[in-house]
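Visitor: I'd like to go over a predicted model; first the sequence, then the structure.
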Amino acid sequence: MAEQGKVRGRAQAWRPWAGAGWPPLAWPPGLIGFANGAAQRVHGWALADVGPGRLVPWIAIAYGIGIILYFSTEQEPASWAAIALLAGTVAAAVAARNRPVGFPVALAFAAIAAGFATATVKRALIAHPVVSAVAWNVEIAGFVEVREERERSDRIVVRVHRIEGPRLAEKPDRVRVSVRKGTAPAVGSFVTFKARLTPPLEPLMPGGYDFARAMYFQQIGASGFVLGAIRSAEPPADGGAWLRYAATIDGWREVIDKRIRAVLPGDRGAIASALITGKRDAISAPVNDAMFISGIGHVLSISGYHMVVVSGIVFFTLRALFALSPAFSSRYPIKKWAGLAALGAATFYLLLSGAEVATQRSFIMVAIVLIAVMVDRSALTLRTLTVAALGVLLLAPESIVHPSFQMSFAATLAIVAGYQGGFRWMSGGADTPLGARLALIGGREIASLVIVSLVAGFATTLYSAYHFHRLTPYGVLTNLLVMPIVSIWVMPAGIMGVFALPFGFDGICWRAMGWGIDWMIAVALWVTSLPGSVGRMAAFGVGPLLLGSAGLVVLGLLKSPLRCAGAVLLAVASLWAIRTPQPDVLVSADGTSFAVRAAAGRLSMLKTGNDAFAIQQWLAADADPRTAKDRTLENGLACDEAGCIGRLADGSIVAIARTLEALAEDCRRAAVVLSQRAAPPGCAAPMVDRGVWQRGGAIALRRVGGGWEITASKPAGYDRPWARGQPGTDDTPLARPATTPPRDATPRAEDLEPDD
């Protein structure tokens, strides 16, 4: 026993090679003590992060994961299966309610299943036809539900009452069509017209934004443009309560918009209207680009900042007015009454601005804060953000894949977490002489603005890079120069203008608002002209986005030093995004545009149609500063009437065949052949022709060794309601297999010269 006690008191020996005669290797006692201490410390941190109330925000995270899983499926899930899964996980959570570890785990799986079921059931509830082919001279009659004013044209969404066309196989419930500038009918009117309808726009490149998916959840089954005039007609039936509500709100917005434009023409009026009514489509492209490049584009989208300013101005103004009457303020809770009035103002602003996703989230959070004020509770917590996220995702689960939702919640999470974890240090020292002097010159407010801009900008950088392929190097500077003016001058003047409009004294308010907007525009244009102001980022996949989002969530939700793991995840995601390899060949979903990465490293592009939208998006995704009208886009391609050829960095030939006659030679010498038409069988090279891009949508190819890594926006087997799959003719529908042994694809000197 004594010997056993001695052995236990010594460091235990590690004997991996005891049978081979090796001497025992003992861990140093200090290292064992350090490891035990570190384990205890980590265990304590983990307990702090899972303490009472700390797991509540993770419910919204799990709920969102379930929605993401729905959108990642290749086949549409069955509603009954999703509901059954939800019921099973809820039952498991109830059964494990007394288990300290099992219950949170079961609840997380139940939240994931709830998100998955929410998206699945909503898709089933809004199921509607989607046009699958172009249709001309389609006669449409219906109610106008949405009217949008843009810089060069207007656009309307029509709820179809009657639709007929010679080649129209599907009859959509709603269509969105462009009309000539100034000819869009009012919301609520019943109109008839002829239109050219096309299927909703597919992703312009693999991994790109899915316009068709967004339109599907807006219950729009086709897009297009009006042919001829739009005629008003007597409605055959009542449009319903929702249409009457939409017409009323649009009428209010139209009155305010016209009054603002009458006083403030041009971009000043367009920006003022965007801040008050949410109608931001009329801002000119140069000013709109300057706003986003400089980092203040968020001002144009009504979100948390605007909602807080509006409700805050109403709250503090009414509270001050109530306080002027001592008899009233001593008998009634003026703070709560002011909160109730501010909640009403926020509700009106929500309805007036169009109730977009960012505005919904902002309203929910502001409403929670104001209700907390009325019941004497603290409200600026992560639980507030959790309720807002769950509310938005329950009503619009599709919003989780939109940049507005992602950037809005990322910025809010970072600000709330920063306030709870670190911003409070700024209130320290307020009673010292230095603190008093800083307060007099607004030092604390300036520091708050700088820190909030930094935190929010950092949180949204990943999403801005992923969706818009741009960064804002001078965002903090621009926000520091612009946001104080917007807060203390522009928005108060706009609110006063709305209240003064019925009395006819709103003109001076709009003019005052315009003076501040002039400053906004001047600063945006100046910052845009600075060296390096346009931060471009090449496209990367969803992997870095998800990993970076996980890092941001860990940084924001954890309280202990374990949050540093979030910084590690963000660093890995950033490196992953930067090192993402770019495609060597791109083919548009309609086969009218092609891009080949020339030996110089830039994309050389060929456009056979009139639509340059895909070209422009490809350039942005490649961090290329050129525009779709740049004459150097075809540099690197040798073209003639039969087609074009380009050479990659490794010397491989990429052929773009325009005629059937060119295919024979291209198939012999090229590493891959691209064609807008259906190619005959027998090509020795891999082929991307009409059948390939019709089945797979936009195609991206990357040269890997002697072969190709092929990615399609619609992989084989993909079939969703907004992107119906088409049956392939073989097991490899993305590239026509060679029917004869491939020949040597090493280019010759004459291959890079146009044919005579």
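Guide: Looks like it came in fine. Residues are numbered from 1 along each chain as shown.
Visitor: elements contacting the strand or helix carrying residue 512?
Guide: Secondary structure here is read from DSSP states H and E; on that basis residue 512 sits in helix 507-528. In this structure, helix 507-528 makes packing contacts with helix 241-263, helix 266-277, helix 285-294, helix 475-485, helix 491-500, judged by 3 or more C-beta pairs under 8 Å, 6 or more residues apart in numbering; DSSP states H and E. The C-beta positions use only the backbone N, C-alpha and C, and glycine is treated the same way.
Visitor: nearest to residue 326, out of these?
Guide: With C-beta to C-beta, the closest approach to residue 326 among the helices and strands packed on helix 507-528 belongs to helix 491-500: 25.9 Å.
Visitor: flag every buried residue along that closest one.
Guide: By neighbour count, with 16 or more other C-beta atoms under 10 Å as the criterion, the buried positions of helix 491-500 are 491-498.
Visitor: give me the contacts around stretch 146-155.
Guide: The list of residues contacting stretch 146-155 from outside it, by C-beta atoms under 8 Å, 6 or more residues apart in numbering, reads 156-157, 176-187, 246, 250, 279, 281-285.
Visitor: I'd like to know which of these are buried.
Guide: In the contacts of stretch 146-155, the ones that pass as buried (16+ other C-beta under 10 Å) are 156-157, 176-179, 184-185, 187, 246, 250, 279, 281-283.
Visitor: residue 669: which of the residues you listed is nearest?
Guide: Looking at these and their distance to residue 669, the nearest is residue 178, at 43.6 Å (C-beta to C-beta).
Visitor: how close does the residue nearest to that closest one when sequence neighbours are not counted sit to residue 216?
Guide: Using C-beta to C-beta, 6 or more residues apart in numbering and skipping residues adjacent in sequence, the residue nearest residue 178 is residue 225, 4.4 Å away. From residue 225 over to residue 216 the distance is 20 Å, taken as C-beta to C-beta, to the nearest Å.
Visitor: show me which of the two is the more surrounded one.
Guide: In this view residue 225 and residue 216 are compared by other C-beta atoms under 10 Å, and residue 216 has more residues nearby, 22 against 15.
Visitor: now do the same contact list for the nearest residue to that one once chain neighbours are set aside.
Guide: Spatial nearest neighbour of residue 216, excluding adjacent residues (C-beta to C-beta, 6+ apart): residue 722 at 3.7 Å. The neighbourhood of residue 722, defined by C-beta under 8 Å, 6+ apart, consists of 130, 200, 210, 212-213, 215-216.
Visitor: Serialize these to JSON lines and add fields for distance to residue 44, pLDDT and secondary structure.
Guide: Putting those into JSON lines (distance: C-beta to C-beta, whole Å; pLDDT from 0 to 100; DSSP: H, G, I helix; E, B strand; the rest coil) gives the following:
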{"residue": "130", "distance to residue 44": "55", "pLDDT": "94", "secondary structure": "coil"}
{"residue": "200", "distance to residue 44": "53", "pLDDT": "92", "secondary structure": "coil"}
{"residue": "210", "distance to residue 44": "45", "pLDDT": "92", "secondary structure": "coil"}
{"residue": "212", "distance to residue 44": "50", "pLDDT": "93", "secondary structure": "helix"}
{"residue": "213", "distance to residue 44": "45", "pLDDT": "94", "secondary structure": "helix"}
{"residue": "215", "distance to residue 44": "51", "pLDDT": "94", "secondary structure": "helix"}
{"residue": "216", "distance to residue 44": "49", "pLDDT": "95", "secondary structure": "helix"}
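Visitor: ok, which pair from the residues you listed is furthest apart?
Guide: Comparing every pair within the contacts of residue 722 by C-beta to C-beta identifies 130 and 210 as the most remote, at 12.9 Å.
Visitor: other SSEs contacting the helix or strand hosting the residue nearest to residue 178?
Guide: Per DSSP H and E, residue 225 falls inside strand 222-232. For strand 222-232, the packing partners by 3+ C-beta pairs under 8 Å, 6+ apart come out as strand 135-149, strand 174-180, strand 190-198.
Visitor: low-confidence regions, the stretch 601-750 of the chain specifically.
Guide: For the stretch 601-750 of the chain, residues meeting the criterion pLDDT under 70 lie at 726-750.
Visitor: how about the strands of it, start to end?
Guide: When secondary structure is read from DSSP state E, counting those that start in this stretch, the stretch 601-750 of the chain shows strands at 603-607, 637-640, 643-647, 653-657, 672-675, 687-688, 699-704, 707-712.
Visitor: tell me which of those sits nearest to residue 67.
Guide: Closest approach to residue 67 among the strands of the stretch 601-750 of the chain (C-beta to C-beta): strand 707-712, 23.9 Å.
Visitor: okay, now the sheet partners of that closest one, with direction.
Guide: Sheet pairing here is set by DSSP bridges, and for strand 707-712 it gives strand 699-704 (antiparallel).
Visitor: what sits up against the strand it pairs with?
Guide: The contact list for strand 699-704, computed with C-beta under 8 Å, 6+ apart, reads 205-206, 581-587, 648, 650, 652, 671-672, 688, 692-693, 708-713, 734.
Visitor: let's have the helices and strands packed on strand 222-232 in JSON lines, adding distance to residue 337 and mean pLDDT.
Guide: As requested, the helices and strands packed on strand 222-232 are exported to JSON lines (distance: least, C-beta to C-beta, whole Å; pLDDT from 0 to 100):
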{"stretch": "strand 135-149", "distance to residue 337": "36", "mean pLDDT": "92"}
{"stretch": "strand 174-180", "distance to residue 337": "43", "mean pLDDT": "94"}
{"stretch": "strand 190-198", "distance to residue 337": "44", "mean pLDDT": "94"}
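Visitor: can I get those strands in CSV including distance to residue 93?
Guide: As requested, the helices and strands packed on strand 222-232 are arranged in CSV below (distance: least, C-beta to C-beta, whole Å):
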stretch, distance to residue 93
strand 135-149, 41
strand 174-180, 39
strand 190-198, 46
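Visitor: out of those strands, nearest to residue 168?
Guide: Evaluated over the helices and strands packed on strand 222-232, closeness to residue 168 peaks at strand 135-149, with 4.4 Å, by C-beta to C-beta.
Visitor: buried residues in that closest one, which are they?
Guide: Going by neighbour count (16+ other C-beta under 10 Å), the buried part of strand 135-149 is 135, 138, 140-149.
Visitor: cool, and stretch 36-56?
Guide: Applying a neighbour-count criterion of 16+ other C-beta under 10 Å, one finds 45, 49, 54 buried in stretch 36-56.
Visitor: surely the second one and residue 566 touch.
Guide: No. Contact status for residue 49 versus residue 566: not in contact, 11.7 Å apart, counting by C-beta atoms under 8 Å.
Visitor: shared neighbours, the two?
Guide: Listed contacts common to residue 49 and residue 566 are residue 558; contacts here mean C-beta under 8 Å, 6+ apart.
Visitor: between the buried residues of helix 491-500, which sits nearest residue 346?
Guide: Ranking the buried residues of helix 491-500 by separation from residue 346, with C-beta to C-beta as the measure, puts residue 495 on top at 11.7 Å.
Visitor: so what's that closest one closest to, chain neighbours aside?
Guide: Taking C-beta to C-beta, 6+ apart, and ignoring the residues beside it in sequence, residue 495 has residue 313 as its nearest neighbour in space, at 5.7 Å.
Visitor: do you know the pLDDT at that neighbour?
Guide: pLDDT recorded at residue 313 is 85.
Visitor: that one in helix, strand or coil?
Guide: Following DSSP: H, G, I helix; E, B strand; the rest coil, we place residue 313 in the helix state.
Visitor: next, find the distance separating it from residue 169.
Guide: With the distance defined as C-beta to C-beta, residue 313 ends up 54 Å from residue 169.
Visitor: list the contacts for residue 565?
Guide: Listed by C-beta under 8 Å, 6+ apart, the contact partners of residue 565 are 551, 554, 558.
Visitor: helix or strand for it, which one?
Guide: When secondary structure is defined by DSSP H and E, residue 565 falls within helix 564-578.
Visitor: give the pairing partners of the next helix or strand after that helix; include direction for each.
Guide: Using DSSP H and E, the helix or strand that follows helix 564-578 towards the C-terminus is strand 585-587. Using DSSP bridges, the neighbouring strands of strand 585-587 in the sheet come out as strand 593-597 (antiparallel), strand 699-704 (antiparallel).
Visitor: that concludes my questions; thank you for your assistance.
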